[in-house]
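Engineer: need coordinates for the below:
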Amino acid sequence: MLLEFSVTNYLSFKEKTTLSLSATAIKEHVASNIFTSGRHNLLKGAVIYGANASGKSNFVKAMSTMRRLVLQSFEQSSTNELDITPFLLNTETENAPSSFEVVFLIGESKYRYGFEVDNRSVLSEWLFDAPKQAERPLFIREKDGIEVMPRVFPEGRDLEERTRDNALFLSVVDQFNGKIAKQIMRWFHDFITISGLSHERYKGVTFDLLENKHTQHLLLDFYKKVDLGFDDITISKAPFDPRELPNDLPENLLKQLITDLEESYRIDIKTVHKKYNAKNKVVGNVEFDMRSQESSGSNKLFNISGPIFDVLNDGGTLVVDELDASLHPLLTLAITRLFNSAEFNKNNAQLIFATHDTNLLNYGNYRRDQIYFVEKNKYGASEMYSLVEYKEEGKTIRKDRSFEKDYIEGRYGAIPFIGNLSNVITEWQEK
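Structural biologist: Numbers count the residues shown, from 1 in each chain. Purely as a prediction, here's the structure:
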């Protein structure tokens, strides 16, 4: 379970910025939105609002980047760059490293793991645990070397010299079957980040769950409850046939595709609709191709339902950018409510997502410590704050306020500044 994620000096985030899923003492939606793990009260998720280009997607990308660096670090060669972009609008930060840190639980154990990196190397790295209240280091990496605490992290001994400058020590220990490292790598594997815009890439996860008899009914029941307009789904798989590739492709590209797709499968998915006669009696079924004959919203919901139910089924944290894109507000609401459902979220999965759907501020039943806003200051740096932190005339926002109305009116910031559009139109017409 995630407690905190922090990023510093990455893309539009100059200063350290933290999203916390540790529940505060407020008393809203305690039964549905909070779960307890050991001595920790945790939130089942958070929602992030902000204007276009405010930094919402950059914060999600920071999470995705940390996950990528952890899971792919050992696979890199010594010449690979790390694809890190710091905050470029300030001379103090443009050549400084970027920092990423997570605080999380594995069972009853609390860990804090992070690192500082630039585009070429890992400059520092640290791992702490907190078996009781106080933290203790497991290893600390600085420019001059890696210090392993052998009594509490014996699996890291004698691996310091095996760690490349551009590799994470944690991933090296994992490769040598370190017990704690393997658990942490599994946690990052279950820390899923996806895009609500580029959702085609996730349909393979959905196919796998639909083919699994233990998870198939969960997805089919969900599709029926949200009423996507079809009655059933059929899936077929066929081996890749090179003859299906276009004939006009360049020869070198054709050869490369044939090599890449060898032993792969083409998966076809059809939606099943009832067919009626002139008297509106059911006379049979008609199959539609999901991709070409169903709406973009239905396709998106189908594609992302795999990652959603995968996380719900196994536990973990799902982070989604642009969750509401192409979806009706009620479908977005249905997805968010899955994570507050005792029926669907038995393993206390967490959902963090960026959205423009202000309806959720009224109908999503989110606590003030689950609602975050992102906006850029006058120096071009993104800043993020939760509604429970926001002060108005020195006072916190009451729980009985209309959060949606207040937000649209600009009371909490993090909205676009729209000038007098009539002037723009008049100037355009006069040209």
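Engineer: buried residues in stretch 22-29?
Structural biologist: 23, 24, 28, 29 (16 or more other Cβ atoms under 10 Å). Glycine gets a C-beta too; all of them are placed from N, C-alpha and C.
Engineer: who is the nearest residue to the first one once chain neighbours are set aside paired with across the strands?
Structural biologist: Excluding the flanking residues, the one nearest residue 23 by Cβ to Cβ, 6 or more residues apart in numbering is residue 41, at 4.2 Å. Beta bridges link residue 41 to residue 36 when assigned by DSSP bridges.
Engineer: shouldn't residue 41 be in contact with residue 21?
Structural biologist: No: using Cβ atoms under 8 Å, residue 41 is not in contact with residue 21; the gap is 9.9 Å.
Engineer: who's more crowded, these two?
Structural biologist: Between residue 41 and residue 21, residue 21 has the larger neighbour count (other Cβ atoms under 10 Å), namely 24 against 15.
Engineer: contacts only, for the more buried one.
Structural biologist: 1, 2, 3, 4, 42, 43, 45, 46, 350, 352 (Cβ atoms under 8 Å, 6 or more residues apart in numbering).
Engineer: which of those fall in strands?
Structural biologist: The strands, defined by DSSP state E, take in 2, 3, 4, 42, 43, 45, 46, 350, 352 from those.
Engineer: now, the most widely separated pair of those residues?
Structural biologist: The largest separation in the ones in strands among the contacts of residue 21, counting by Cβ to Cβ, is between 4 and 45 at 13.9 Å.
Engineer: who has more neighbours out of the two?
Structural biologist: Just comparing residue 4 and residue 45: by other Cβ under 10 Å the higher neighbour count belongs to residue 45, 23 against 14.
Engineer: please enumerate the strands of the stretch 151-300 of the chain.
Structural biologist: In the stretch 151-300 of the chain, the strands defined using DSSP state E, counting those that start in this stretch lie at 191-195, 232-239, 265-276, 282-289.
Engineer: out of those strands, which gets the lowest mean score?
Structural biologist: Ranked on mean pLDDT, the bottom entry among those is strand 232-239, at a mean of 78.
Engineer: next, the angle from it to strand 282-289.
Structural biologist: Computed by axes from the mean of the first three to the mean of the last three Cα atoms, to 10 degrees, the angle separating strand 232-239 from strand 282-289 equals 40 degrees.
Engineer: mind giving me the packing neighbours of strand 232-239?
Structural biologist: On a contact count with 3 or more Cβ pairs under 8 Å, 6 or more residues apart in numbering; DSSP states H and E, strand 232-239 meets helix 203-211, helix 216-225, strand 265-276.
Engineer: which helices and strands does the shortest one pack with?
Structural biologist: Judged by 3+ Cβ pairs under 8 Å, 6+ apart, helix 203-211 is in contact with helix 216-225, strand 232-239, strand 265-276, helix 296-314.
Engineer: nearest to residue 335, of the ones you listed?
Structural biologist: It's helix 296-314; of these, that one is closest to residue 335 (Cβ to Cβ) at 6.5 Å.
Engineer: buried residues, that closest one. List them.
Structural biologist: For helix 296-314, using 16+ other Cβ under 10 Å, the buried residues are 298-313.
Engineer: that older thread, quick one, which of the helices and strands packed on helix 203-211 is nearest to residue 99?
Structural biologist: Smallest distance to residue 99 across these (Cβ to Cβ): 26.3 Å, for helix 296-314.
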